[in-house]
Structure formats: structure tokens, C-alpha cells
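J.: With the sequence up front, the predicted model follows.
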Amino acid sequence: MADQTLDAKGLNCPLPILRAKKALKSLDSNQVLQILATDPGAVKDFEAFCRTTGNTLMKTSQDGDVYEFLIKKT
Amino acid sequence: MTNEANAKSMSLIVTKGSLDWAYPPFILATTAAAMGLNVTMFFTFYGLPLLKKKLNMGLTTLGNPAMEMPMMGMHMAMPNIVSALPGAGALTTKMMENLMKKKGVASIEELRELAIEADVDLIACQMTLDLFEYDKKDMIEGISLGGAATYIEVATKSDINLFI
């Protein structure tokens, strides 16, 4: 499903966003980045990040303390 | 990062260089850059030492009654008379650094490195450099020097202007 996975577990704001931006840079258009994070603030932040950058937030889900985000690069 | 002509932009005036106050400007600058904004940071007065090659930030609870540290399931504030004791500042700094490491908060060194990587424009205030007798040689590479007019020009073209 995802072309690349970023493990941002244990990282606090703004590192999950900064690491995601870096990972997205290495992807091609339409490829999907999976991000795993434990920062609850990342939920709203990835929504805002995607709205502003134009990338598509395909999925947000939670499994215990871990949040999963799928972002498709525009 | 995305230096498109139509990209949004942000400028920040950084006036404080203690360990706690160094965070808001660097967090906002790196995040804005990651979101495609062109970012300029103008370092003046006590913010200028944040451009030194070797960072040496401290923290004091003195005169900061709102500062509480989590401790043994509670929150502890330090009375000013205790904060003023020799070593209290160093102790508070150490505690904050440990707490940040434990909570996965980036170091200022790391955020500054990320800001440079993201092409954030770093401007050191020339007047502050002269006033406090800093040497540009002690500052990191890639910064430029400027004054009030330099900042105002950037600010007039920026969508967001913050004073921190």
C-alpha cells in the first residue's frame, strides 16, 4: 500500500511533520508515505500540513497509542 | 524548500535566547518551511547568541511564576528566592534538557540544522553584533548581516510577521 514508511514514534512536535516533509521529498508524485506517530497533536497537524501543501491525507487511524497516517504526494 | 514566486512567506524577529524561548521561533520557522513557506529569521539582542557556533543556552525560573516542572506526579514551581541561589539556574537547565530528551522534543541544535537545510534565511542584527562585541567568526556559516531596514523590507513582503 505505502511506498515508504516513516517511523516517527516517540517524536514530539514538530519533528513528525519535519521528518514527513523530508520523506515526501524523496517520493515521486502519487506515491504514498505511511507515517507512524505517537504524538496526539500530529492528528490535527498532518491535516493542516496536507491542506497547506496540497498533498492528500488519505487515511488517519489509531491503534492503541500509535497513529497511522497515509499521505499521497501530489 | 519551495522557493516559488507565489509561495507564502513568514518573518520572525527573534529577541530571546534562553533555552525555553529559543523553541517557538525555531519550531515555527522549520514547520513553516516544511509547509512550503519562505521563511526569514531576524536575530536581535538576546536572540543573537542563537546563531553562535557553540550554543550555550540557559534557563531560569527567576521572575517566571508560571513555570512549573512536572515532578513525582505533581507540578513544582520554584520561589524566586530559591531560583536566585547559585546553581539553581544550572539545575533547572539540566532538568529541562532531560525532560525534553525524555519527551522526544528536538534539540535547538537539531532544529537550527533543519532550518538551514530548509533554506531559512538567517539574518543577524549588525547593531547587536557591535553592541555586545560579538565576532561574526563565532557565528555559524551562511548567515547574513542586516539592520532594521533589511527586516522591514522582508516584513512588507511577508504574509506572517512574528515578534518573539
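T.: Structure received. Numbering: from 1, shown residues only, chains lettered A, B, ... in the order given.

J.: longest helix of chain B?
T.: Using DSSP state H to define each element, chain B has its longest helix at helix B:88-102.

J.: Run through the residues that contact the residue in chain B positioned nearest to chain A.
T.: Per Cβ to the nearest Cβ, B:A34 is where chain B lies closest to chain A, at 3.8 Å. Every C-beta, even on glycine, is put in place using the N, C-alpha and C of the backbone. Contacts for B:A34 (Cβ atoms under 8 Å, 6 or more residues apart in numbering or on different chains) come out as A:14, A:17-18, A:20-21, A:49, B:1, B:118.

J.: again, but for B:G142
T.: B:116, B:122.

J.: Kindly report the same for B:K16.
T.: Contact analysis of B:K16 by Cβ under 8 Å, 6+ apart lists B:22, B:46-47, B:164.

J.: re earlier: can you list the buried residues in the longest helix of chain B?
T.: B:88-89, B:92-93, B:95-96, B:100 (16 or more other Cβ atoms under 10 Å in any protein chain shown).

J.: could you dump the residues you listed to TSV with distance to chain A and pLDDT?
T.: As requested, the buried residues of helix B:88-102 are exported to TSV (distance: Cβ to the nearest Cβ, whole Å; pLDDT from 0 to 100):
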residue	distance to chain A	pLDDT
B:A88	26	90
B:G89	24	91
B:T92	20	91
B:T93	19	93
B:M95	17	91
B:M96	14	92
B:M100	8	93
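
J.: What's the separation between the residue nearest the centre of chain A and A:A48?
T.: Closest residue to the average C-alpha location of chain A: A:I35 at 4.3 Å, with Cα atoms, centre = their mean. Separation of A:I35 from A:A48 (Cβ to Cβ, to the nearest Å): 14 Å.

J.: Tell me which stretches of the chain form helices.
T.: No chain was given, so I picked chain A. Under DSSP H, chain A gives helices at A:15-25, A:42-53.

J.: ah, I was thinking of chain B
T.: Under the criterion DSSP H, chain B carries helices at the ranges B:23-34, B:80-83, B:88-102, B:108-117, B:126-131, B:148-157.

J.: touching chain B at all, stretch A:50-63?
T.: Yes. Counting by Cβ under 8 Å from any Cβ of the partner chain, chain B is contacted by stretch A:50-63 at A:52-53.

J.: Buried ones in that stretch, by neighbour count?
T.: A:50, A:53, A:55.

J.: cool, stretch B:101-114 as well?
T.: Buried, per 16+ other Cβ under 10 Å, within stretch B:101-114: B:104-108, B:111-112, B:114.

J.: Same check on stretch A:32-43?
T.: Within stretch A:32-43, the residues scored as buried using 16+ other Cβ under 10 Å are A:32-39, A:42.

J.: still on that earlier bit, will you turn the helices of chain B into JSON lines that also has distance to B:T60?
T.: Output for the helices of chain B, formatted as JSON lines (distance: least, Cβ to Cβ, whole Å):
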{"stretch": "helix B:23-34", "distance to B:T60": "15"}
{"stretch": "helix B:80-83", "distance to B:T60": "6"}
{"stretch": "helix B:88-102", "distance to B:T60": "5"}
{"stretch": "helix B:108-117", "distance to B:T60": "17"}
{"stretch": "helix B:126-131", "distance to B:T60": "21"}
{"stretch": "helix B:148-157", "distance to B:T60": "28"}
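
J.: Brilliant, that's me finished.
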